[in-house]
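Colleague: here are the coordinates; sequence isn't available:
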């Protein structure tokens, strides 16, 4: 359980398998003070509600798929009303390492600072030109969120964990913090992320127009813009499936997480929507446009390309018109 704080976990579900939900709740429930499952209109919502009863946790059915951002916001409202001081966000397909929440709380309560020895040493971003685009508080300010090291449960090693660092051309995958280390980052993945309620009150809710994809990036960078910092703790791993499968691309060291056509739509459209965001430096916007071109090219040259033409076309249209929400 938590140390003198009220940590409430918000789990978003959408057509989960009961095996993955049991694995999550079994690893999560003992580490937090309360859990609320926000179900996004699952076809098997009755099974989800039954599983919630089995574990003695709460279930908030939305009756339809309102997107991960809206579901997270509903769970955060519930947690706030229950007196939460911290919210732990989780997807349905994650499994927490033992003591993960305790390690994240330790990072909050005694956060590493430049030149100050603590239980965690701070890895410094090594791109001074990149950091000039952000407030100095991105490295030494109050902490808004702490994330674990996300490991893909399908065999990805720690070197391939999705941890990103500041560079002048965007958020780039970087060296993963080891035990005893923490890294100040531009954003963390939502699943397993511990966020202080005071930061949520200050920064505001998740952007529901994004529906899914880039929701975590947008919230974290808004927090950085407001003078907070985001950390990843090397003491806290989480196992999480990203994309529908993992593929190795010739000429690329790190594996690629392959997404469905509908996720292609959201990734492309939301990348375009973020072009107008104040929290993204100009060079970051330029790199995201280049990334988007490569992303679309990769999927249009792989098997199943014909199923992706319409989603990509609509993504370009909606993104350029500023249309958010559900596909």
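Modeller: Perfect, I can see it now. Predicted, not measured: the structure shown is a model, and the values here were computed from it. Numbers count the residues shown, from 1 in each chain.
Colleague: and residue 100, what does it touch?
Modeller: Listed by CB atoms under 8 Å, 6 or more residues apart in numbering, the contact partners of residue 100 are 31, 148, 192, 236-238. (Glycine included, C-beta is placed from N, CA and C.)
Colleague: Mind pulling up the pLDDT for it?
Modeller: In this model, residue 100 is scored at 97, pLDDT.
Colleague: Next: the one 4 residues further on.
Modeller: Here the pLDDT value assigned to residue 104 is 98.
Colleague: Do I have it right that it meets residue 149?
Modeller: No: Residue 104 lies out of contact with residue 149 (CB atoms under 8 Å); the separation is 11.0 Å.
Colleague: Name the residues contacting each of those two.
Modeller: 233, 236.
Colleague: Which one's more surrounded, the two?
Modeller: Using other CB atoms under 10 Å as the criterion, residue 104 and residue 149 rank with residue 104 on top: 30 against 24.
Colleague: So what does that one look like in phi/psi?
Modeller: phi -70, psi -40 (degrees, to the nearest 10).
Colleague: distance of it from residue 96?
Modeller: Going from residue 104 to residue 96 by CB to CB, to the nearest Å gives 10 Å.
Colleague: swap in residue 260?
Modeller: On the measure of CB to CB, residue 260 and residue 96 end up 26 Å apart.
Colleague: which one of the two has more residues nearby?
Modeller: Neighbour totals were compared for residue 260 and residue 96, and residue 96 leads with 28 against 15 (other CB under 10 Å).
Colleague: which residues does the more buried one contact?
Modeller: Residue 96 makes contacts with 24, 27-28, 31, 90, 148, 192, 238-239, as judged by CB under 8 Å, 6+ apart.
Colleague: cool, and residue 326?
Modeller: By CB under 8 Å, 6+ apart, the neighbours of residue 326 are 65-67, 211.
Colleague: how near is it to residue 209?
Modeller: Residue 326 is 10 Å from residue 209, by CB to CB.
Colleague: quick revisit: redo the contacts of residue 100 as CSV? Include distance to residue 181.
Modeller: Shown next, in CSV, are the contacts of residue 100 (distance: CB to CB, whole Å):
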residue, distance to residue 181
31, 22
148, 13
192, 17
236, 11
237, 13
238, 16
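Colleague: Closest to residue 122 out of the residues you listed?
Modeller: residue 236 (15.4 Å; CB to CB).
Colleague: Make sure the closest one is actually in contact with residue 151.
Modeller: No: Residue 236 is beyond contact range of residue 151, at 10.9 Å (criterion: CB under 8 Å).
Colleague: Tell me which of these two has more neighbours.
Modeller: Legend: neighbour count by other CB under 10 Å for residue 236 and residue 151, higher for residue 236 (26 against 20).
Colleague: Point out the other helices and strands that the one helix or strand the more buried one maps to packs with.
Modeller: Per DSSP states H and E: residue 236 is located in strand 229-240. Packing partners of strand 229-240 (3 or more CB pairs under 8 Å, 6 or more residues apart in numbering; DSSP states H and E): strand 94-96, helix 100-109, helix 137-140, strand 143-151, strand 181-185, helix 215-225.
Colleague: From residue 74, how far out is residue 89?
Modeller: Distance from residue 89 to residue 74, by CB to CB: 12 Å.
Colleague: typed the wrong thing, it's residue 82
Modeller: Separation of residue 82 from residue 74 (CB to CB): 13 Å.
Colleague: Looking at those two, which is more packed in?
Modeller: Neighbour count, other CB under 10 Å: between residue 82 and residue 74, residue 74 has more, with 19 against 13.
Colleague: tilt between the strand or helix carrying that one and helix 215-225?
Modeller: Assigned by DSSP H and E, residue 74 belongs to helix 68-81. For helix 68-81 against helix 215-225, the angle by axes from the mean of the first three to the mean of the last three CA atoms, to 10 degrees is 60 degrees.
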